[in-house]
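Chemist: Need a 3D model of the sequence below.
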Amino acid sequence: MPAGTVRDVRERLAGLFSVATLLMTGMAVCGCSTHDQSAAATTPTQVHAAVTPSNSPSASPSPAVPHKPKRLDRQRLTKAIDAYLAERASVVTVEMVDRTTGASFRYHPGGQYVTASAVKVDILMTLLLQRQRKHRGLTSAERSDASVMIRMSDNHAADRLYVKVGGASGVAAANRAFRLTSTRPVDGKCKDLLCWSLTQTTAKDQRRLLEVLLGPKSALNAKNRAYVLGLMGKVVKEESWGISAAARKGDKVALKNGWMTLQRDAEHWVIDSIGRVQGHGHDFLITVLTWHNPTDGYGITTIQHVVELAAKEFRKTTPWLEKIE
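Modeler: Prediction:
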């Protein structure tokens with residue numbers, strides 16, 4: 001299909017097919033794994049070798065920059081992503097920040113996207129905030145559910161914790177403390193699971209959520225922030241695709257991905273990836289949200305190529321590091 005035709009189709013889809021329309025159907029098929037199923041049956045196809053996340057990334061401050069960074073060429077990066085997506089069906093939004101240099105980038109900001117299992121980070125952070133306010137820690141059962149929910153994307157563990165935090169209202173209250181302004185959790189039941197996967201959000205809000213895990217003025221204390229990042233740094237290999245495409249060998253990666261089909265979108269896939277890549281003189285916070293992917297593998301390929309384009313452009317701001325490597 002000619003590039004212009006694909007772009008026109010995608011723009012018409014974005015205009016005519018809003019997330020609100022999706023939610024009116026109340027129907028979604030979550031493709032996230034459950035702990036009692038095999039990873040092969042439930043994990044999206046890993047179409048690009050991702051760097052294996054290092055264990056237990058910390059909320060350590062970003063390293064100092066020895067030289068003045070060059071300006072990030074946002075226009076060039078936007079054109080590169082535009083050219084790539086012109087030939088693809090995926091609808092994409094991106095937020096990326098380098099905490100070391102201060103460089104930032106947004107691509108198609110503001111649109112509402114479905115979180116799928118990426119919302120599990122928000123659910124866990126909500127639970128930790130609630131327990132923190134009561135000066136209590138998690139029970140052993142809660143810690144077990146938290147672990148498999150983040151590391152293995154277990155849906156039933158997410159259901160249990162979503163109920164414990166008070167569902168949509170509980171997460172919404174925590175999100176106000178996290179200063180998220182455009183994230184809308186959802187109550188109700190979607191087939192055999194609760195509807196947390198249909199939470200609406202923006203790339204900006206997901207980037208803000210990641211910043212809550214790192215900032216000293218965060219609503220969460222240091223122990224709880226490190227706990228979440230630690231789990232995100234131990235995601236099973238089969239689910240370590242996505243923003244990890246920005247990593248080089250030895251970098252620390254903490255991420256959470258989401259994937260699900262939407263009946264209203266002719267069973268096309270929502271594929272999301274959020275997280276942190278730290279190392280080689282950079283500290284990236286990356287959020288990529290997508291929908292209208294024909295297959296799960298197609299969406300993963302889209303995310304990883306976009307992330308590779310972005311990371312390449314961000315690294316051009318520190319040429320002295322490239323010379324060392």
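
Chemist: Is the spatially most central residue of the chain bridged to anything, and to what?
Modeler: Of all residues in the chain, the one closest to the mean position by C-alpha atoms, centre = their mean is Ile274, 2.2 Å from it. Legend: beta-bridge partners of Ile274 under DSSP bridges are Lys256, Thr287.

Chemist: Just confirm it contacts Lys120, I think it does.
Modeler: No. Assessed by C-beta atoms under 8 Å, Ile274 is found out of contact with Lys120, at 10.5 Å. In short, each C-beta sits where N, CA and C put it, glycine included.

Chemist: Flag every buried residue along stretch 216-228.
Modeler: Ser218, Ala219, Leu220, Asn224, Arg225, Ala226, Tyr227, Val228 (16 or more other C-beta atoms under 10 Å).

Chemist: Averaged over its residues, which helix or strand of this structure has the lowest pLDDT?
Modeler: Every helix and strand of the chain was ranked by mean pLDDT, DSSP states H and E. The lowest is helix 39-42, at a mean of 36.

Chemist: Longest helix of the protein, counting residues only.
Modeler: Secondary structure of the chain per DSSP state H: the longest helix is helix 296-315.

Chemist: List the buried residues in that helix.
Modeler: The neighbour-count check on helix 296-315 (16+ other C-beta under 10 Å) flags 296-307, 309-311, 313-315 as buried.

Chemist: Make sure Lys245 is indeed in a helix.
Modeler: You called it Lys, but residue 245 is Ala. Yes. Assessed with DSSP: H, G, I helix; E, B strand; the rest coil, Ala245 lies in a helix.

Chemist: Just the pLDDT for it.
Modeler: You'll see Ala245 listed with a pLDDT of 98.

Chemist: just so I have it, where are all the helices in the stretch 201-325 of the chain?
Modeler: With DSSP state H, counting those that start in this stretch, the ranges of helices along the stretch 201-325 of the chain come out as 203-212, 222-232, 296-315, 319-324.

Chemist: Now do the shared contacts for Ile274 and Lys120.
Modeler: Common neighbours of Ile274 and Lys120, using C-beta atoms under 8 Å, 6 or more residues apart in numbering, are Lys256.

Chemist: Please list the residues outside the helix or strand following the least confident helix or strand of the chain that contact it.
Modeler: Following helix 39-42 in sequence order, the next helix or strand is helix 74-85 (DSSP states H and E). Defining contact as C-beta under 8 Å, 6+ apart, one finds that helix 74-85 is touched by Arg7, Arg10, Val92, Val94, Phe105, Tyr107, Thr302, His305, Val306, Leu309, Ala310, Glu313.

Chemist: how about low-confidence regions in the stretch 51-200 of the chain?
Modeler: Along the stretch 51-200 of the chain, segments meeting pLDDT under 70 span 51-66.

Chemist: Would you map the helices across it?
Modeler: Secondary structure of the stretch 51-200 of the chain (DSSP H, counting those that start in this stretch): helices located at 74-85, 119-133, 140-151, 155-164, 167-177.

Chemist: Point out the most buried one among those helices.
Modeler: helix 119-133 (a mean of 23; mean count of other C-beta atoms under 10 Å).

Chemist: Excluding chain neighbours, what is closest to Leu321?
Modeler: In this structure, Leu321 finds its nearest non-sequential neighbour in Gly281, 4.4 Å apart by C-beta to C-beta, 6 or more residues apart in numbering.

Chemist: For the nearest residue to Ala246 once chain neighbours are set aside, give me its contacts.
Modeler: Leaving aside its chain neighbours, Ala246 sits nearest to Ala311 (3.8 Å; criterion: C-beta to C-beta, 6+ apart). Contacts for Ala311 (C-beta under 8 Å, 6+ apart) come out as Ala245, Ala246, Val277, Phe284.

Chemist: dump the residue contacts of the closest residue to Lys234 other than its chain neighbours.
Modeler: Nearest residue to Lys234, sequence neighbours excluded (C-beta to C-beta, 6+ apart): Arg151, at 5.2 Å. Counting by C-beta under 8 Å, 6+ apart, Arg151 touches Leu231, Lys234, Val235, Val236.

Chemist: could those be laid out in CSV, adding neighbour count, distance to Leu180 and pLDDT?
Modeler: Shown next, in CSV, are these (neighbours: other C-beta atoms under 10 Å; distance: C-beta to C-beta, whole Å; pLDDT from 0 to 100):
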residue, neighbour count, distance to Leu180, pLDDT
Leu231, 22, 20, 98
Lys234, 18, 25, 98
Val235, 24, 22, 98
Val236, 14, 27, 98
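
Chemist: Just the ones in strands from these, please.
Modeler: Using DSSP state E to define strands, no part of the contacts of Arg151 is located there.

Chemist: Tell me the one among those nearest to Ala168.
Modeler: Checking those against Ala168 with C-beta to C-beta, the nearest one is Leu231 at 22.7 Å.

Chemist: Show the contacting residues for the closest one.
Modeler: By C-beta under 8 Å, 6+ apart, the contact set of Leu231 is Leu124, Ala146, Ser147, Ile150, Arg151.

Chemist: so how far is Gln206 from the nearest residue to Leu72 once chain neighbours are set aside?
Modeler: Nearest non-adjacent residue to Leu72, counting by C-beta to C-beta, 6+ apart: Ala103, 4.1 Å away. The gap separating Ala103 from Gln206 is 18 Å, by C-beta to C-beta, to the nearest Å.
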